[in-house]
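A.B. asks: Would you be able to build a 3D model of this:
(one chain, ligands or ions: 1)
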Amino acid sequence: MLRLLLLLTIILATQPTFAHEYHRAAVDSSATEIPDRVVLNWSGDPATSASVTWRTYIHITEAAGEIAIADASTNFSTHRTIEPAITEIWQQGDHAANFHSVTFKNLKPNTLYAYRVGSGKVWSSWFQFRTAQAEAAPFTFIYFGDAQNNLLALWARTIRSAVLDAPHADFLLHAGDLINRANKDSNWQEWFESGDWIHAQIPVIATPGNHEYAKQGEDKPRVLSSLWRPHFTLPQNGPKGLEETVYYVDYQGARIISLNSNQDRDLQTPWLEKVLKDNPNQWTFVTLHHPIYSASARRDNKDLREAWKPLFDKYQVDMVLQGHDHTYARGNNIGEGVTMKDKNNGTVYVVSVSGPKQYKLRDDRWMDRGAENSQLYQVISVEQNILHYRAMTAVGELYDAFDIIKQDGQPNRLIERIPSDKPERRWKNTLEKKNKDEKVY
Ligand SMILES: [Fe+2]
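C.D. replies: Modelled structure (predicted):
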């Protein structure tokens with residue numbers, strides 16, 4: 001008996017996952033009357049509209065958004081207009097919540113607005129955001145690769161550092177795998193809590209990854225998380241059946257296109273060609289989760305590359321922003337094989353990771369800069385015909401940088417600005433665990 005007790009004590013003492021589980025259990029994802037998970041999106045023209053989505057418990061059935069032009073005087077709130085919300089219920093086992101959304105329309109371009117959401121006497125803070133300019137103008141955004149795991153513990157620092165670094169970012173772009181378990185509400189709670197008011201104040205563009213897809217059972221295709229569409233109000237200008245996952249947004253002279261690399265590739269191809277062909281914007285960004293060129297060992301998405309890279313080439317997409325591989329890789333001038341180079345400069349492909357899960361880089365290199373064992377975010381700024389790019393580590397070090405210069409009738413020119421004092425971060429030259437078997441959480 002004593003030996004059994006001793007054995008049990010040893011087993012318990014050597015299980016760091018208990019602390020990890022405790023941390024997870026500490027995340028309360030139940031909804032209340034107070035609006036939470038407030039997130040700002042665009043579902044229409046960013047110069048004249050903005051959409052907001054939030055959650056309450058199911059007893060709030062009539063909710064609204066209120067909006068006014070922001071002013072230093074608090075009397076701005078008396079000038080508000082009220083927009084009734086569309087409400088949908090989400091249910092899963094014992095869990096249920098109401099998700100509400102409004103789209104504010106007829107806004108003035110380049111104007112600072114304040115909005116809040118709620119009902120009766122229970123309202124969120126007033127959040128402030130600026131509408132886009134109606135024409136091409138400089139802008140900045142932050143791009144995140146997979147957040148996915150241990151969000152509150154270890155992803156929160158990345159999004160918070162990023163926004164303190166680029167506080168005037170015009171939008172945040174998430175390249176999929178925002179969470180780990182598609183339909184696990186506490187995962188979403190952690191994602192929202194990690195960014196808190198940031199999500200409510202800086203518009204979010206997001207594309208789904210494989211972890212936003214849930215198993216349905218043996219031999220059935222995975223389906224989009226039942227929490228994706230309730231949580232966001234994204235554009236519905238993509239192919240039918242792929243609403244809020246395949247779409248584009250035009251922002252101040254740039255077209256940002258989200259492709260869904262998880263399903264119905266062939267359905268998206270003619271749509272993609274159309275939105276690339278009829279594109280009046282000077283700059284074009286594509287985001288999708290699975291990389292056209294894989295960054296990590298033993299991975300390759302050949303079918304995606306064959307379907308979409310010819311279109312990226314033909315219509316000269318400037319950058320493709322991806323995730324999935326849990327490493328960092330950036331390169332351009334990439335040809336049909338994985339390592340063979342084209343003659344002309346072309347689209348810049350980036351794979352990045354903002355969360356804690358980290359893999360190994362592939363050996364057959366296509367990338368001009370890579371990293372392992374590093375959480376990163378990317379700040380991208382466009383000013384007329386120049387794009388400035390910098391990849392930053394979660395502790396605020398400049399890790400990768402370049403400029404793209406647009407040239408009339410010629411391919412983009414890329415100017416390398418990799419910091420010369422920063423060797424490539426690999427498993428062998430970065431921080432190791434203090435104890436090999438210790439869990440990270
Ligand atoms: Fe993934």
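A.B. asks: contacting residues around residue 324?
C.D. replies: Shown in contact with residue 324 (C-beta atoms under 8 Å, 6 or more residues apart in numbering): 145-146, 176-177, 209-210, 289-291, 299, 351. Placement of C-beta: from N, CA and C, glycine included.
A.B. asks: Just give me the neighbour total for the residue of the stretch 51-200 of the chain found nearest the ion.
C.D. replies: For the stretch 51-200 of the chain and the ion, the shortest gap (C-beta to the ion) falls at residue 177, measuring 4.3 Å. When neighbours are counted by other C-beta atoms under 10 Å, residue 177 registers 27.
A.B. asks: list the contacts for the nearest residue to residue 49 once chain neighbours are set aside?
C.D. replies: With sequence-adjacent residues excluded and distances taken as C-beta to C-beta, 6 or more residues apart in numbering, residue 49 is closest to residue 105, at 4.9 Å. Residues in contact with residue 105, defined by C-beta under 8 Å, 6+ apart, are 44, 48-49.
A.B. asks: Is the closest residue to the ion within the chain in a helix, a strand, or coil?
C.D. replies: The ion sits closest to residue 324 of the chain, with a gap of 3.8 Å, by C-beta to the ion. What DSSP: H, G, I helix; E, B strand; the rest coil gives for residue 324 is coil.
A.B. asks: Residue 78 too?
C.D. replies: helix.
A.B. asks: So what's the residue count around it?
C.D. replies: Residues within reach of residue 78, counting by other C-beta under 10 Å, total 8.
A.B. asks: so who does it touch?
C.D. replies: residue 68.
A.B. asks: Need the phi and psi values for the nearest residue to residue 214 once chain neighbours are set aside.
C.D. replies: Nearest non-adjacent residue to residue 214, counting by C-beta to C-beta, 6+ apart: residue 182, 3.9 Å away. In terms of degrees, to the nearest 10, the main-chain angles of residue 182 are phi -50, psi -50.
A.B. asks: how about residue 153, phi and psi?
C.D. replies: Here is the backbone geometry of residue 153 (degrees, to the nearest 10): phi -70, psi -50.
A.B. asks: correct me, but it touches residue 439?
C.D. replies: No - between residue 153 and residue 439 there is no contact under C-beta atoms under 8 Å: 11.2 Å.
A.B. asks: Which of the two has more residues huddled nearby?
C.D. replies: residue 153 (16 against 12).
A.B. asks: ok, residue 137 - contacts?
C.D. replies: Counting by C-beta under 8 Å, 6+ apart, residue 137 touches 252-253.
A.B. asks: if I've got this straight, it is in a strand?
C.D. replies: No - counting by three-state DSSP, one finds residue 137 to be coil, located in no strand.
A.B. asks: Mind checking which of the contacts of residue 324 are in strands?
C.D. replies: Of the contacts of residue 324, the ones assigned to strands by DSSP state E are residue 351.
A.B. asks: Could you report the separation of the residue nearest to residue 49 from residue 417?
C.D. replies: Separation of residue 105 from residue 417 (C-beta to C-beta, to the nearest Å): 41 Å.
A.B. asks: again with residue 224
C.D. replies: 38 Å.
A.B. asks: what does residue 114 give?
C.D. replies: The spacing between residue 114 and residue 417, counted by C-beta to C-beta, is 38 Å.
A.B. asks: Check residue 423 too.
C.D. replies: For residue 423 relative to residue 417 (C-beta to C-beta), the value is 16 Å.
A.B. asks: One more: residue 106?
C.D. replies: 42 Å.
A.B. asks: Same question for residue 241.
C.D. replies: If you go by C-beta to C-beta, the gap between residue 241 and residue 417 works out to 42 Å.
A.B. asks: between those two, who's got more neighbours?
C.D. replies: Neighbour totals were compared for residue 241 and residue 417, and residue 417 leads with 14 against 10 (other C-beta under 10 Å).
A.B. asks: since we're on the nearest residue to that one once chain neighbours are set aside, how many residues are nearby?
C.D. replies: Using C-beta to C-beta, 6+ apart and skipping residues adjacent in sequence, the residue nearest residue 417 is residue 401, 3.8 Å away. Using other C-beta under 10 Å, the number of residues around residue 401 comes to 19.
A.B. asks: Which parts of this structure belong to which domain?
C.D. replies: By the assignment in automatic domain parsing, the chain contains the domains 36-130, 139-428.
A.B. asks: The longest one: how far from the chain's middle?
C.D. replies: When you say that, I think you mean domain 139-428. Put simply, domain 139-428 sits 7 Å off its chain's centre (C-alpha atoms, centre = their mean, to the nearest Å).
A.B. asks: Show the average pLDDT along it.
C.D. replies: Averaged across domain 139-428, the pLDDT comes to 94.
A.B. asks: Which residue ranges of the stretch 251-400 of the chain form strands?
C.D. replies: 254-258, 283-287, 319-322, 328-331, 348-351, 369-371, 376-383, 386-393, 398-407 (DSSP state E, counting those that start in this stretch).
A.B. asks: Can you tell me the strand partners of the fourth one and which way each runs?
C.D. replies: Just to be clear, that refers to strand 328-331. strand 348-351 (antiparallel), strand 369-371 (antiparallel) (DSSP bridges).
A.B. asks: export the ones you listed to a markdown table and tack on distance to the ion and mean neighbour count?
C.D. replies: Formatted as a markdown table, these follow (distance: least, C-beta to the ion, whole Å; neighbours: other C-beta atoms under 10 Å):
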| stretch | distance to the ion | mean neighbour count |
| --- | --- | --- |
| strand 348-351 | 11 | 27 |
| strand 369-371 | 17 | 23 |
